[in-house]
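Undergrad: Okay, structure incoming, though there's no sequence with it:
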């Protein structure tokens, strides 16, 4: 039976529904004008798709499109194959895309919807913790290229995001823990209660059935919804707040590590390392105190996430960091904190500080 625990508006654009057995609300969101639905999912999740496909098939012609798993799907070749399939199915501007899977699927599925006929409706059904609290919310879509992660994409707001907590039970433990990387990040940039909940929870207790985890999901989504609603296309925030760039806390080093690891490291794990690096950098720039830097290590570590990365030298990673989305010209820019809940942009940190901060997380 459908149970909607929380409706979180993203400004006036759309809602994120958090609850259980949410597939049944899809027809009410897609509406009467839709005739065809492209149902995009990663091939390994095929066994989970029948309940959703059954709901869609009662009202629509469903085009099922299985993609490669994870970041392997985020290529121009995969997008091209899907667009060809949409053309063969007679997919029109009044039809819709439904994505089902993790963040890579919502990223590439959103990009496919953004580009087909210059934009068709898309609804995301994220199945991983990481996708629920991050990728599916906010309207950013994208694919990877040889130059880096998510450097090609578009802003394309979904019609809705359905976060069905029942799917968290299907995740391997390591995937659930990795999702906590983005949750804890939200605690540092905007909601200290998230940090307190993680710090107070017994180690290993944040399982899929945990009511604390459900509260963490809702709080992290609320943080992202509030930031996105205030700065939909990352043009900047008000009163000195970096706006949507705040959500990129830890991501400059994280994306460089992911590229270095050929996207075989989980995103949430890389974000945890990247946040500790950003805190170390802020410490050396005189912006953050040592106790808050240690709190980064303690909180991410308590959630079961890595806080160091010995896998590459600084010189191996700096090239990727220089083409990060936050860089302007030749000036490196990092999202850092002056305290919990107060993100700011650090422009042009010294090479000495960059290297010293990396030394602190690579030992």
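TA: Good, I have the coordinates. Keep in mind that this is a model prediction, so the values were computed, not measured.
Undergrad: Buried ones in the longest helix along the chain, by neighbour count?
TA: As assigned by DSSP state H, the longest helix anywhere in the chain is helix 211-230. Across helix 211-230, burial judged by 16 or more other C-beta atoms under 10 Å covers 213-214, 216-225, 227-228. C-beta coordinates here come from the backbone N, C-alpha and C atoms, glycine included.
Undergrad: Helices of the stretch 1-150 of the chain, residue ranges please.
TA: 26-30, 50-57, 76-88, 103-115, 129-130 (DSSP state H, counting those that start in this stretch).
Undergrad: Please identify the most buried of these.
TA: Highest mean neighbour count among the helices of the stretch 1-150 of the chain (mean count of other C-beta atoms under 10 Å): helix 129-130, with a mean of 28.
Undergrad: Quickly note the distance from the closest residue to residue 29 other than its chain neighbours to residue 221.
TA: Excluding its sequence neighbours, the residue lying closest to residue 29 (C-beta to C-beta, 6 or more residues apart in numbering) is residue 160, at 4.7 Å. To residue 221, residue 160 is 13 Å away according to C-beta to C-beta, to the nearest Å.
Undergrad: cool, and residue 335?
TA: Where residue 221 is concerned, residue 335 sits at a distance of 20 Å (C-beta to C-beta).
Undergrad: and if you look at residue 9?
TA: Applying C-beta to C-beta to residue 9 and residue 221 gives a distance of 11 Å.
Undergrad: which residues do those two both contact?
TA: Counting by C-beta atoms under 8 Å, 6 or more residues apart in numbering, the common neighbours of residue 9 and residue 221 are residue 16.
Undergrad: So which elements touch the helix or strand containing residue 193?
TA: In this structure, residue 193 sits in helix 192-200 according to DSSP states H and E. In terms of contacts (3 or more C-beta pairs under 8 Å, 6 or more residues apart in numbering; DSSP states H and E), helix 192-200 is packed against helix 173-189, helix 211-230, helix 290-302.
Undergrad: so which helix or strand takes in residue 309?
TA: Going by DSSP H and E, residue 309 is not in any helix or strand.
Undergrad: That one contacts residue 273, correct?
TA: Yes: between residue 309 and residue 273 there is a contact at 4.8 Å, judged by C-beta atoms under 8 Å.
Undergrad: now the strands: where do they sit in the stretch 251-363 of the chain?
TA: Along the stretch 251-363 of the chain, the segments classed as strands by DSSP state E, counting those that start in this stretch run 333-339, 342-347.
Undergrad: Quick check: end-to-end length of stretch 14-27?
TA: 15 Å (C-alpha to C-alpha, to the nearest Å).
Undergrad: ugh, wrong one, I meant stretch 239-253
TA: End residues of stretch 239-253 are separated by 27 Å (C-alpha to C-alpha).
Undergrad: cool, and stretch 301-312?
TA: By C-alpha to C-alpha, one end of stretch 301-312 lies 21 Å from the other end.
Undergrad: Tell me which residues of that stretch come out buried.
TA: 302, 303, 304, 305, 306, 307, 309.
Undergrad: Any buried residues in stretch 145-156, and which?
TA: 148, 149, 150, 152, 153, 156.
Undergrad: Let me know the closest of these to residue 267.
TA: Lowest distance from residue 267 to those (C-beta to C-beta) belongs to residue 149, with 8.9 Å.
Undergrad: Among the buried residues of helix 211-230, which pair sits farthest apart?
TA: Counting by C-beta to C-beta, the most remote pair of the buried residues of helix 211-230 is 213 and 228, 22.3 Å apart.
Undergrad: pLDDT below threshold where in this protein?
TA: The model of the chain has pLDDT under 70 over residues 324-329.
Undergrad: Domains of it: list them as residue ranges, please.
TA: 3-170, 173-360 (the TED database).
Undergrad: any idea how far the longest one is from the chain center?
TA: Same thing as domain 173-360. Here domain 173-360 is found 12 Å from its chain centre; the criterion is C-alpha atoms, centre = their mean, to the nearest Å.
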